[in-house]
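> Output the structure for:
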Amino acid sequence: MDKSAHIAIDLGAESGRVMLGVIDGGRLTLREVHRFLHLPVPTPAGLCWDVTGLWRSILDGLRAAGQVAGAEGIQLLSVGVDTWGVDFTFVSKTGTMVGLPMCYREPAFAAAYARCIDRIGTSAIYDGTGIQLMSINSLYQYEHRFNVDPKLFEGTSLLFMPDLFHWLLSGKVSIEMTIASTSQMVDARSCWWNLGLLRSLELPSKPLGMIVEPGSAVGAIRYEVAKLTGLPETLPVVAPPSHDTAAAVAAVPTVGGDSWAYLSSGTWSLLGAELDRPCITPESAAANFTNELGAGGKVRFLKNISGLWLVQQCRRQWEDAGKSLTYETLVNDAAGVVPLRTLIPVNDPTFAAPGPDMCDRIARYARQTEQPVPQSPGEFVRACLESLALEYRKTLHTLSTLLGRKYETLHIIGGGGKNMLLNQMTADACGVTVVVGPYEATASGNVLVQAIGLGRVRDLHEARQIVRDSFELKTVEPNDAPAWAAAAKKYGVLPAVR
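Numbers count the residues shown, from 1 in each chain. Okay, the predicted model is just below:
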């Protein structure tokens, strides 16, 4: 295989980075050339993303990638963007962005969610899309924005966040399939917009354009981008699986079969299995599992779990109080405290809401449920991690029941896999072998599917072989089953937050 080099722009909900990926001799190497923090910004219109700040940081990263490639004689073949899901904005036919993209954590979307449910019911929405019901989904943001300002929908095209940056890079409008599938406006069976669903909600469909598969060429970068970054004007923009979880799942180092599940671990945790076709049943609806589209014609059958958001928000509260604590310090402290004392229902809406008081919410819940109230940062973090591990156990059991499969291996991918304490807790709670890695699954999947699109890698199977040959994987075996079984019983009857 000839050397193949690609730029992956990977934007998470807390930070972004630009990665240079080189495939050579059947191995992938990744280099981070630029990293930056970003956060949503409160505005009179609601919680929005700082697009100009993000774009400036992306241009800085592209410039750095071009400099590294030039210094080392690496020929760049393409660039592609992946981001978090569901958020979007509009662009006009004259090439103007219309309105800032709003953040999925905007509280106003809960009211839009309630309006849609009241109008047509949960069954019509789930059956028509296969997507789990969550107020953060694009459908409810779409309804909210149409309710507030219907003129936004006149003569414009909707672009999800990665599509927006592909447009800024190339000037071309496109909507990539995996990111569109997170919206709850696409039918997972047909891989196309559910126009009947939108009509039943009296929402317009004109802003919704052509959906393209991952690996599709969008267009060459614009002259202005080339001039600002030093990249060649002919550099193609190739859409990867542009939802970050879809990119990460494309890089799961599995050898095949159906006895493995995946856990994409980060701000959100996403636990599920890869299917050849959607699973949309009354049982999957009751369990609120989602059918998101993936690379290689696969379906990501999964459930969203709150993830390391809980620890991030606790750390934010300590920082606001003047305590600077690294994640490594917090995990080390958590490892040294008494196990399985305090548990919280991690997916309860109270813990999903943003705000600088996560520790206070956890402490209040502990008092309400007559559990020991955490006192130290280590005790708070341990409560979060153990509760997450028990939620993983519950979700894996439900997944097994829904699909009639027994899972022997859980692949943990993404940056959250660096938390070996949580990995061990997950193996212990779930009673399965955990395989950790790669940490850079999202960037790996982004680069490899760009290469598939250009014919440099044959298919998803070969891409996963490259991942197995390129990264050190860690295996964690379960232990202490009785203690975790007892904790699971306690976790299973935790009341909702009052």
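> Dump the C-alpha coordinates for the one helix or strand residue 115 maps to into PDB.
Secondary-structure assignment from DSSP states H and E places residue 115 in helix 109-129. Output in PDB follows, covering the C-alpha atoms of helix 109-129 (Å, rounded to 0.1, in the frame of the first residue of the first chain):
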ATOM      1  CA  PHE A 109     -35.400  22.600  23.600                       C
ATOM      2  CA  ALA A 110     -37.200  20.700  26.400                       C
ATOM      3  CA  ALA A 111     -40.400  22.700  25.700                       C
ATOM      4  CA  ALA A 112     -40.100  21.900  22.000                       C
ATOM      5  CA  TYR A 113     -39.700  18.200  22.800                       C
ATOM      6  CA  ALA A 114     -42.900  18.300  24.900                       C
ATOM      7  CA  ARG A 115     -44.800  20.000  22.100                       C
ATOM      8  CA  CYS A 116     -43.800  17.400  19.500                       C
ATOM      9  CA  ILE A 117     -44.700  14.500  21.900                       C
ATOM     10  CA  ASP A 118     -48.000  16.100  22.600                       C
ATOM     11  CA  ARG A 119     -48.800  16.500  18.900                       C
ATOM     12  CA  ILE A 120     -48.000  13.100  17.500                       C
ATOM     13  CA  GLY A 121     -46.800  10.900  20.400                       C
ATOM     14  CA  THR A 122     -43.600   9.000  21.100                       C
ATOM     15  CA  SER A 123     -44.400   6.000  19.000                       C
ATOM     16  CA  ALA A 124     -44.800   7.900  15.700                       C
ATOM     17  CA  ILE A 125     -41.400   9.600  16.300                       C
ATOM     18  CA  TYR A 126     -39.500   6.500  17.300                       C
ATOM     19  CA  ASP A 127     -41.100   4.200  14.700                       C
ATOM     20  CA  GLY A 128     -40.500   6.700  12.000                       C
ATOM     21  CA  THR A 129     -36.800   7.300  12.700                       C
END
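> buried sites along that helix?
Residues of helix 109-129 classed as buried: 109, 112, 113, 116, 124, 125, 126, 127, 128, 129 (neighbour count, 16 or more other Cβ atoms under 10 Å). Glycine gets a C-beta too; all of them are placed from N, C-alpha and C.
> If you count contacts, what does that helix end up packed against?
helix 138-148, strand 186-187, helix 195-200, helix 282-287 (3 or more Cβ pairs under 8 Å, 6 or more residues apart in numbering; DSSP states H and E).
> Residue 222: which of the ones you listed is closest?
With Cβ to Cβ, the closest approach to residue 222 among those belongs to helix 138-148: 26.7 Å.
> so what secondary structure elements neighbour that closest one?
Using 3+ Cβ pairs under 8 Å, 6+ apart, the elements in contact with helix 138-148 are strand 88-92, helix 109-129.
> Next, the angle strand 88-92 makes with that helix.
50 degrees (axes from the mean of the first three to the mean of the last three Cα atoms, to 10 degrees).
> Neighbouring strands of the following helix or strand past helix 138-148 in the sheet, and parallel or not?
As assigned by DSSP H and E, the chain's next helix or strand after helix 138-148 is strand 156-160. Sheet pairing of strand 156-160 (DSSP bridges) gives strand 88-92 (antiparallel).
> Now the strand it pairs with: buried residues?
By 16+ other Cβ under 10 Å, the buried positions in strand 88-92 come out as 88, 89, 90, 91.
> what residues does the helix or strand just after it touch?
Going down the chain from strand 88-92, the next helix or strand is strand 97-98, by DSSP H and E. Applying Cβ atoms under 8 Å, 6 or more residues apart in numbering, the contact partners of strand 97-98 are 51, 89, 90, 91, 92, 152, 156, 164.
> quick revisit: just put the buried residues of helix 109-129 in CSV and tack on pLDDT and distance to residue 244.
Output for these, formatted as CSV (pLDDT from 0 to 100; distance: Cβ to Cβ, whole Å):
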residue, pLDDT, distance to residue 244
109, 97, 20
112, 98, 24
113, 98, 23
116, 98, 26
124, 98, 29
125, 98, 24
126, 98, 23
127, 98, 27
128, 98, 25
129, 98, 20
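> mind checking how far residue 132 is from residue 230?
Counting by Cβ to Cβ, to the nearest Å, the separation of residue 132 from residue 230 is 43 Å.
> same for the helix or strand of the chain with the lowest mean pLDDT, what does it pack against?
Using mean pLDDT, DSSP states H and E, the weakest-scoring helix or strand in the chain turns out to be helix 349-352, at a mean of 89. Packed against helix 349-352, as judged by 3+ Cβ pairs under 8 Å, 6+ apart, are the following elements: helix 358-368.
> The helix it packs on: which residues count as buried?
358, 359, 361, 362, 363, 365, 366.
> hang on, isn't the first one packed against residue 310?
Yes - contact criterion Cβ atoms under 8 Å: residue 358 and residue 310 qualify, at 6.5 Å.
> name the helices or strands packed onto the host helix or strand of residue 484?
For residue 484, the host element (DSSP H and E) is helix 481-492. Under the contact criterion of 3+ Cβ pairs under 8 Å, 6+ apart, helix 481-492 touches helix 377-403, helix 420-430.
> Check the secondary structure at the residue of the chain most remote from its centre for me.
The C-alpha centroid of the chain is most remote from residue 370, which lies 34.3 Å away (Cα atoms, centre = their mean). Classification of residue 370 using DSSP: H, G, I helix; E, B strand; the rest coil returns coil.
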